[in-house]
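**Q** What follows is a protein structure lacking sequence information:
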């Protein structure tokens, strides 16, 4: 196993959109042979799985107020909150490194982390329910994987001193409202800091990362680890992938199961996101979300739009209803009509 350095020109990268895209470049483009490991820190962000519906997972008002990023990864699993007191690790495998690595088997990827934490004083860390890393019966890491050809990534979080209160506020509790996405499994979580030996309890996150990596690779210093450093050429391709997909609202906000189209409009009261599907010239499914109103209010408007003709006249009629104007306001009528009907695709 070797280390993959994700610093850019010697500087630490904490942009969650960037960090979450690097594994895709390593698996889909660079394809370094063997078994690599990267570890990084994100600024405050909610990371949702590829098959999740963001309206069921996050509080958009909290995200906007506290400048929390929303990022969609290309692997499955549930929504998680990251901040600067939280580590993310990812194993990157291309080909057969002949070390027992196997797609779908989390144990071989959890083992180096668990072994290192045990050496740092954590009592009996273990893996549970296939992909959760736990201590004292509580989860400190959730793991997930994605595959492309002979390459795949397997990784998760390591909660050192995460702001748990912020995590609870950013992530919505389970909702009874039906949706097509995979729901997150809410379980008790804990930080590792209190379980570590005293010499590891008051480190900053980069110091903790370095100490953990040294234990994983069983060395005294990071420069003793075989390391691949991302080059300027690597970063140019990563930047291209970001602009094409991973930094777009269409991907992070709009790629929700059950919808074909995504639009966004900026209103005086905030951002409004629109997911919809048009079939036989009617709106088959509509979802509205964002910071312009409460989720329940936006759901009410979406229900009024579902099933109507996908025409400017029909949408205008709905948006002009007094109860809808009370929610979205007059300023929303024209931009929302345009967003829903301009070049709207028709199926069947």
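**A** Nice, thanks for sending it over. It should be emphasised that the depicted structure is a prediction, and the values quoted were computed from it without experimental measurement.
**Q** so where do the strands sit in the stretch 51-200 of the chain?
**A** Taking DSSP state E, counting those that start in this stretch, the strands of the stretch 51-200 of the chain run over residues 69-72, 80-82, 86-94, 126-128, 132-135, 138-148, 151-159.
**Q** Which residues does the third one contact?
**A** Counting by C-beta atoms under 8 Å, 6 or more residues apart in numbering, the neighbours of strand 86-94 from elsewhere in the structure are 1, 4, 19, 23, 26-27, 31-42, 82, 101, 103, 109, 113, 150-162, 205, 208-209, 212. Where you see a C-beta, it was placed from the backbone N, CA and C, and this is true even at glycine.
**Q** Take those and keep only those in helices.
**A** 19, 23, 109, 113, 205, 208-209, 212 (DSSP state H).
**Q** May I see the ChimeraX selection of the buried members of these?
**A** The buried subset of the ones in helices among the contacts of strand 86-94, as determined by 16 or more other C-beta atoms under 10 Å, is captured in ChimeraX by this line:
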select :19,23,109,113,205,208,209,212
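**Q** Mind putting the ones in helices among the contacts of strand 86-94 into CSV with pLDDT?
**A** Converted to CSV, the ones in helices among the contacts of strand 86-94 look like this (pLDDT from 0 to 100):
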residue, pLDDT
19, 97
23, 95
109, 96
113, 97
205, 97
208, 98
209, 98
212, 98
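**Q** I'd like the ones in helices among the contacts of strand 86-94 written out as CSV, with distance to residue 295 added.
**A** Listed next are these as CSV, based on distance: C-beta to C-beta, whole Å:
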residue, distance to residue 295
19, 28
23, 31
109, 36
113, 36
205, 33
208, 36
209, 36
212, 38
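**Q** Pick the one among the ones in helices among the contacts of strand 86-94 closest to residue 328.
**A** Checking those against residue 328 by C-beta to C-beta gives residue 19 as the nearest, at 35.2 Å.
**Q** Give me the distance between the spatially closest residue to the closest one that is not a sequence neighbour and residue 109.
**A** With sequence-adjacent residues excluded and distances taken as C-beta to C-beta, 6 or more residues apart in numbering, residue 19 is closest to residue 40, at 4.9 Å. Counting by C-beta to C-beta, to the nearest Å, the separation of residue 40 from residue 109 is 16 Å.
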